[in-house]
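**Student:** build me a model from this:
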Amino acid sequence: MLMPSLFGESLLDDFWNMEMPTVRSYTSAKNPYDLMTTDVKETENGYEIHMNLPGVKKEDVKAELKDGYLTIQASTASNQETKDNDGKYIRRERYSGSCSRSFFVGKEVTQEEIKARFEDGVLKLDIPKKEAKKVEEQKKYITIEG
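**Tutor:** Modelled structure (predicted):
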């Protein structure tokens, strides 16, 4: 009987083994658990975001601010080939993927106020705190005829 799988593992592996679930360590950038893990730290003047992007180049990362939402997009691709002495393929692997995350930072924050840098596979963003503009509620009356 075929069982559904998630990331190459049967969903019922831990159930049928009747063991306590184990903590798995993932070290490959191809694994979704490693991509875009994010730490958000509140500071006195704003927020610091550190986002892990292992195996991603700076030019493959894009940040966009639209309608108060900061969206980070990253893409990566790799191609590995191994041949024997006769030039026959022993192994060929290709991988490409993209992912994105969005954060609401407020409509008052502008693109120029957000500072970003990419160091050692980590995207670091500094976002200032902004108070939402208070809109005075104006009473709008409807004219009643008669």
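
**Student:** per-residue confidence averaged over stretch 41-53?
**Tutor:** Stretch 41-53 comes out with an average pLDDT of 93.

**Student:** can you give me the helices for the chain?
**Tutor:** For the chain, the helices defined by DSSP state H occupy 13-17.

**Student:** hey, where'd the strands end up in it?
**Tutor:** 5-6, 9-10, 38-42, 46-52, 61-66, 69-83, 89-104, 115-119, 122-128 (DSSP state E).

**Student:** in terms of pLDDT, where does Glu137 sit?
**Tutor:** On the pLDDT scale, Glu137 gets 78.

**Student:** point out where the chain drops to low pLDDT.
**Tutor:** 1-34, 132 (pLDDT under 70).

**Student:** can you pull the contacts of the residue lying closest to Tyr47 once chain neighbours are set aside?
**Tutor:** Nearest non-adjacent residue to Tyr47, counting by CB to CB, 6 or more residues apart in numbering: Ile127, 4.7 Å away. C-beta coordinates here come from the backbone N, C-alpha and C atoms, glycine included. Residues in contact with Ile127 (CB atoms under 8 Å, 6 or more residues apart in numbering) are 46-49, 70, 105, 109, 113-114.

**Student:** now Gln80
**Tutor:** Contacts of Gln80 by CB under 8 Å, 6+ apart are 91-94.

**Student:** closest to Glu64 out of those residues?
**Tutor:** Among the contacts of Gln80, Arg94 lies closest to Glu64 (CB to CB), at 27.9 Å.

**Student:** any idea how far Gly97 is from the residue nearest to that closest one when sequence neighbours are not counted?
**Tutor:** In this structure, Arg94 finds its nearest non-sequential neighbour in Asn79, 5.1 Å apart by CB to CB, 6+ apart. Note on Asn79: its distance to Gly97, by CB to CB, to the nearest Å, is 13 Å.
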